[in-house]
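>>> Okay, sequence plus prediction incoming.
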Amino acid sequence: MNGTFYSHRGHIGFVLFIVIFSSCAPSWKNHISDYEHGSSNDISLSPDYSSLDFWAAHPAKKDLSDSVPKFLRNNQIFDTTVDVFFIYPTTYTDLSKPFGWNAPILQKEINAKTDYSSILYQASIFNFSKNVYAPRYRQANFDAYFTTDTVNKMKAFMLAYSDVRNAFEYYLKNLNHGRPIIIASHSQGSTHAKFLLREFFDGKPLQKQLVVSYVVGMPIEPTWFAQLQPCTTPDQTGCFCSWRTFKQGYIDDFVKSENFIAVVTNPITWRHDVINATRSENMGSVLQNFNHLSSKVCGAKVHDGVLWVEKPHFFGNTLLNTKNYHIADMNFFYMNIRQNASLRSNAWKNSVIAYKLR
């Protein structure tokens, strides 16, 4: 497995933001007992993706990716013809690494934290599709992005990716049945999605099934893929979108150290130009309260490998001093992403119909 794993330097600085962002969310700690059955701290236990126990989200089980915010429930129309494969971010964040460099696959505290954060607040963006899949995987500890121990760092990421890869192979063989696919990911999930896309889609027959990929929170080099291209219009298919969110005017040191300008998509306009999208063009954010739509939280502008937004407008923002908005890369643009994923899915299906009618 060749490639670069990127540092999260600077992300510790938004701890206060996390507190504000999650203050009204259901506490995952209140749900740990729900995970008692079959739980294990054994890191050597590898996932068996034929069992629903090894999926954080799956159409055959009731899970938090099925959650629809109240403001959407009356008008929700579900699509059963498109699959979403979602790779969640790091939730094994204890830097003391109580289980070693990787999280055990059935560790109940980590899985509860995953489900009541990322699966609820991120994977749910895509539940216009009834087919949301999110595999549990032995994720690398947060410290793997900081350590100078390159041997253990690479081992941790390779183990995590091997689980994601195995889950995707199982999904393709047993669950997909030729349907179009959306790949979506955030943070560590995007570290793995980059490799997954390059291995399975880039210039491969499967690229024809790719609706779009949202690879969010990690940089993608312009030369990362041989044939897979960045999306340049809102309804383009078979392409990828990527962004990292910072306060306007701020460039973090780890971005300055990159020897490339990362691909950036504006998640409001879905283009790469530097024209500023205003707050009024933001269709709505889901932040502290999952059932509340926060309107006009921020606009967005592409700038030198990152996405710039003004200081977000939401209740409690006076306490927000961080300039790194990584934690809300997706949630600032919850409704824009949801609408865009549906738009591209319809465009993909229409293109197939048009091709068959030729």
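Looks like it came in fine. Residues are numbered from 1 along each chain as shown.

>>> For this protein, just list every one of the strands.
Secondary structure of the chain by DSSP state E: the strands cover 55-57, 79-87, 129-135, 181-186, 210-216, 239-241, 245-247, 301-303, 306-309.

>>> tell me the mean pLDDT for the first one?
Per-residue pLDDT values over strand 55-57 give a mean of 98.

>>> Next: the fifth one.
Predicted confidence along strand 210-216 averages 98 (mean pLDDT).

>>> same thing with the last one?
Averaging pLDDT along strand 306-309 gives 97.

>>> for the second one, same thing?
Averaging pLDDT along strand 79-87 gives 97.

>>> From the contact counts, what lies against it?
strand 129-135, helix 150-174, strand 181-186, helix 188-200, helix 334-357 (3 or more Cβ pairs under 8 Å, 6 or more residues apart in numbering; DSSP states H and E). Glycine gets a C-beta too; all of them are placed from N, C-alpha and C.

>>> With respect to burial, which of the ones you listed scores highest?
strand 181-186 (a mean of 26; mean count of other Cβ atoms under 10 Å).

>>> Outside of that strand itself, list whatever touches it.
For strand 181-186, contacts defined as Cβ atoms under 8 Å, 6 or more residues apart in numbering pick out 82-89, 118, 122-123, 125-126, 129, 192-193, 196-197, 201, 206, 209-217, 329-330, 341, 344-345.

>>> Derive a PyMOL selection command for the buried subset of those.
Buried subset of the contacts of strand 181-186, written as a PyMOL selection, criterion 16 or more other Cβ atoms under 10 Å:
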select buried, resi 82+83+84+85+86+87+88+89+118+122+123+125+126+129+192+193+196+197+201+209+210+211+212+213+214+215+216+217+329+330+341+344+345
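
>>> Surely Val216 and Val263 touch.
No - counting by Cβ atoms under 8 Å, Val216 does not reach Val263; the two are 11.6 Å apart.

>>> Between these two, which contacts overlap?
With Cβ under 8 Å, 6+ apart as the test, Val216 and Val263 both reach Ser242.

>>> Can you show me the helices along the stretch 201-350 of the chain?
For the stretch 201-350 of the chain, the helices defined by DSSP state H, counting those that start in this stretch cover 253-256, 334-357.

>>> what is the rounded mean pLDDT of the longest one?
Spelled out, that is helix 334-357. For helix 334-357, the per-residue pLDDT averages 89.

>>> How about Leu45: what's its closest non-neighbour residue?
Ile105 (5.6 Å; Cβ to Cβ, 6 or more residues apart in numbering).
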